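sharing a sequence plus its predicted fold:
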Amino acid sequence: MTTQTFSLFVALLTLGSLAGIAALVAIRLVGGPASGLTEAIEPVRLPLAWAVAAVATLGSLYYSEIAHFVPCKLCWFQRIAMYPLAVTLGIATFRRDRGFRPYVLAHCAIGG
């Protein structure tokens, strides 16, 4: 896989994620019969968050280790927060632990 193909894949994955988030926010704000969708997503919310963190981690590793892109200073700060986030969410997913929010929010705040 070329770097250009991988970049296109990641960009399309990002656009799909943003469209899904926008749809969920709109459903939550409008309510109506589709508002049950947010409750239906509840059981897969934690594994989905872990998948996003894992894909972001693997993507950054691909760019630095395989494509040999040198990360900027701000990218390093994001990596410092993202790598442990992938591990923390992975452990919480496999343990089915619901007390993960304070730890995850701290990582997200630092990464942001």
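Right, received. Where do you want to start?

first-to-last residue distance for stretch 36-48?
18 Å (Cα to Cα, to the nearest Å).

now do stretch 82-91: distance to the chain's middle.
10 Å (Cα atoms, centre = their mean, to the nearest Å).

in the chain, which spans are strands?
Taking DSSP state E, the chain contains no strands at all.

looking at it, which helix or strand is least sure?
The weakest-scoring helix or strand in the chain, judged by mean pLDDT, DSSP states H and E, is helix 36-41 (a mean of 73).

that one - contacts with which helices or strands?
If contacts are counted by 3 or more Cβ pairs under 8 Å, 6 or more residues apart in numbering; DSSP states H and E, helix 36-41 sits against helix 3-30. Bear in mind the C-beta positions are built from the backbone N, C-alpha and C, glycine included.

how about the helix it packs on: buried residues?
Neighbour counts over helix 3-30 (16 or more other Cβ atoms under 10 Å) mark residue 27 as buried.

what's the answer for stretch 60-77, then?
60, 62-63.

what mean pLDDT does that stretch have?
For stretch 60-77, mean pLDDT rounds to 87.

what's the span of that stretch, first residue to last?
Termini of stretch 60-77 sit 12 Å apart (Cα to Cα).

for the residue most central in space within the chain, list the residues it contacts.
Centroid-nearest residue in the chain: residue 52, 2.9 Å away (criterion: Cα atoms, centre = their mean). When contacts are counted by Cβ atoms under 8 Å, 6 or more residues apart in numbering, residue 52 touches residue 17.

report the separation between it and residue 108.
11 Å (Cβ to Cβ, to the nearest Å).

check residue 72 too.
20 Å.

shaky segments in the protein?
Scanning the chain for pLDDT under 70 picks out 32-35, 38.
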